[in-house]
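Peer 1: Let me see the structure of the following:
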Amino acid sequence: MTRNLPFNTTELREKDNEHVIHPWGFLNSSDKQDTLLLADSESIYVRDTDGEQYIDGPGGMWCVQIGYGNEEMAQTIADQVRRMTYFSPFGKLSTPPHAELGAKIAELAPGDLNRVFFATGGSTAVDSAVRFAWFYFNVTGRPDKKAIISREGAYHGSTYLAASLCGKPRDTTHMDLMTNLVHHLPSPNPYRRPDGMSEAEFCTAKVKDLEDKILEIGPDRVACFIAEPILASGGVIIPPDGYHRKCLEVCRKHGVLYISDEVVTGFGRLGHMFASDDVFGVVPDIIICAKGLTSGYIPLGAFIASEKLYQDILDSDEKTAVFSNGFTYSGHPVACAAALKNIEIMERNDLCGHVRKITPHFQQRLRALGNHPMVGDVRGVGLMGCVECVSDRKTKEPFPWEMKVGATIDRKCQDKGLILRPMGHLCVFSPPLVIASGQVDQMFDIMSAAITETADELVRSGTWKG
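Peer 2: Modelled structure (predicted):
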């Protein structure tokens, strides 16, 4: 459906090209004229400045849970702006939404995770969580525990510390990172396991990677292991069954904190408010959340620490220790009000139940894409999915990044009314949680056609034998 919108696309694109530096943008790109300017939205749809409508396949950026244009959310944000726009929460200052949201998140979080620190988004929440882990060990008399263990394919943010935890090589090109304290384990991607190895054997090997790394560094020097339940931006990598439980056991054995980065999986993406315990059977020491916390309406992030960690700090000899970490917009009252309303809407409409109900159909349609000759793997859980294209299904050799196969598929999807998130030879997607069954079919019908067209073009051009 096309809608007339009051924008001059050419003029706006010129302004964007002349003045805006885009996240993850190629600064010397020659295709800036192709920038898609999105100006309007409703439910699972976005529209560009020319009024063309698209299904939002990535859910904004893994975050638009309740859908676009929710009037109740808009009214809540407006009311809070009029009532109390902003005040700093530093020291002993707070606002009603700040206090109420802290209590609500503690109620939803698993186990004894009931101490909440608010940041401005996922990256600053990750930074704050790691700094809290260091603070914890400093205050409790173990200042040498500083090393952080992460994984290849992981994504934890874009601030200096958070970016240093990431394990996506192309994201680190030309960028400086902290390397002395961060250690990366091999990816737990079952699709890339050695030939002849079962998933159970692969799981054992990946857990052993963690324990071997802890022992190599020294348990008295390792502060934490940070892990996304699903490596989202790494290509929707789903570790083998039991992986997270066994990794938690290793961490407990060696006195290493387990940090679960639920920036993507939190707030309904897998059919539960938090996936760590409900999906993977893990109650970590710290959970990080953002994105779906407000459905993307206002930026907000948080980490949730266990009562045990908090009480250990209170019981330490460092009675005057100050957690010297925070941001001007920590616990912003408008953002907290939006998060409270977002959770209210999700609970009232049983959005998690809807995700659990529609997931089998979503995943069935996803698996069917694996029949295409250029598709090596399709994987997903909940309302998350990834299509991995390969030049040879037997060897699993991916198409070279420079071929931009994912981008070609995305461009063809856009021509048909769907936006994906391409990454080299991968296409990932995580639509708004309010998506209906018929819209799921429409999305995957478009994807199937786009993959077929892309494959045909590659064969005709002689780039791929098929």
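Peer 1: show me the contacts for residue 461.
Peer 2: Contacts for residue 461 (C-beta atoms under 8 Å, 6 or more residues apart in numbering) come out as none. Where C-beta positions appear, they are placed from N, C-alpha and C, glycine not excepted.
Peer 1: With residue 425 as the reference, measure out to it.
Peer 2: The gap separating residue 461 from residue 425 is 17 Å, by C-beta to C-beta, to the nearest Å.
Peer 1: in what helix or strand does the residue most central in space within the chain lie?
Peer 2: Among the residues of the chain, the one closest to the centroid is residue 264, at 3.2 Å (C-alpha atoms, centre = their mean). Assessed by DSSP states H and E, residue 264 sits outside every helix and strand.
Peer 1: now it: how far from residue 124?
Peer 2: For residue 264 relative to residue 124 (C-beta to C-beta), the value is 16 Å.
Peer 1: Repeat that for residue 80.
Peer 2: Note on residue 80: its distance to residue 124, by C-beta to C-beta, is 21 Å.
Peer 1: same thing with residue 50?
Peer 2: Residue 50 is 35 Å from residue 124, by C-beta to C-beta.
Peer 1: ok, back up a step: so the residue nearest to the centre of the chain touches residue 234, yeah?
Peer 2: No: using C-beta atoms under 8 Å, residue 264 is not in contact with residue 234; the gap is 10.6 Å.
Peer 1: what sits in contact with each of the two?
Peer 2: With C-beta under 8 Å, 6+ apart as the test, residue 264 and residue 234 both reach residue 228.
Peer 1: Assign a three-state SS to the nearest residue in space to residue 443 that is not next to it in sequence, would you?
Peer 2: Of all residues not flanking residue 443 in the chain, residue 55 sits nearest, at 5.4 Å (C-beta to C-beta, 6 or more residues apart in numbering). Of the three states, residue 55 takes strand under DSSP: H, G, I helix; E, B strand; the rest coil.
Peer 1: is it fair to say residue 358 lies in a helix?
Peer 2: Yes: with three-state DSSP as the criterion, residue 358 is part of a helix.
Peer 1: What's the per-residue pLDDT of the spatially closest residue to it that is not a sequence neighbour here?
Peer 2: Excluding the flanking residues, the one nearest residue 358 by C-beta to C-beta, 6+ apart is residue 437, at 6.2 Å. On pLDDT, residue 437 comes in at 98.
Peer 1: Give the buried residues for the strand or helix carrying residue 276.
Peer 2: Element membership of residue 276, judged by DSSP H and E, is helix 275-278. Neighbour-count burial for helix 275-278 flags 275-277 (criterion: 16 or more other C-beta atoms under 10 Å).
Peer 1: Repeat that for stretch 367-384.
Peer 2: For stretch 367-384, a neighbour-count test (16+ other C-beta under 10 Å) marks 369, 372, 374-384 as buried.
Peer 1: now stretch 323-340
Peer 2: Result for stretch 323-340 [16+ other C-beta under 10 Å]: buried residues 325-327, 329-340.
Peer 1: Check stretch 297-315 too.
Peer 2: Buried residues in stretch 297-315, defined by neighbour count with 16+ other C-beta under 10 Å: 297-306, 309-310, 313.
Peer 1: Dump the C-alpha coordinates for the longest strand seen in the chain into PDB.
Peer 2: As assigned by DSSP state E, the longest strand anywhere in the chain is strand 384-392. Extracted C-alpha coordinates of strand 384-392, given in PDB (Å, rounded to 0.1, in the frame of the first residue of the first chain):
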ATOM      1  CA  MET A 384      14.500 -14.700  15.100                       C
ATOM      2  CA  GLY A 385      15.900 -16.200  11.900                       C
ATOM      3  CA  CYS A 386      18.900 -16.300   9.600                       C
ATOM      4  CA  VAL A 387      19.500 -17.500   6.000                       C
ATOM      5  CA  GLU A 388      23.100 -18.400   5.300                       C
ATOM      6  CA  CYS A 389      23.900 -18.500   1.600                       C
ATOM      7  CA  VAL A 390      26.900 -20.700   0.400                       C
ATOM      8  CA  SER A 391      28.600 -21.200  -2.900                       C
ATOM      9  CA  ASP A 392      28.900 -24.900  -2.200                       C
END
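Peer 1: So which bits of it are buried?
Peer 2: Across strand 384-392, burial judged by 16+ other C-beta under 10 Å covers 384-391.
Peer 1: partners of that strand, with directions?
Peer 2: Strand pairing for strand 384-392, determined by DSSP bridges: strand 375-381 (antiparallel), strand 397-398 (antiparallel), strand 426-429 (antiparallel).
Peer 1: what's the following helix or strand after the shortest one?
Peer 2: Remark: after strand 397-398, the chain's next helix or strand is helix 405-416, criterion DSSP H and E.
Peer 1: what helices or strands is whichever helix or strand comes after that following helix leaning on?
Peer 2: Once the chain leaves helix 405-416, the next helix or strand it forms, by DSSP H and E, is strand 418-419. Counting contacts by 3 or more C-beta pairs under 8 Å, 6 or more residues apart in numbering; DSSP states H and E, strand 418-419 is packed against strand 53-56, helix 437-461.
Peer 1: Need the ones you listed in JSON lines (columns: distance to residue 68).
Peer 2: JSON lines is the format used below for these (distance: least, C-beta to C-beta, whole Å):
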{"stretch": "strand 53-56", "distance to residue 68": "8"}
{"stretch": "helix 437-461", "distance to residue 68": "13"}
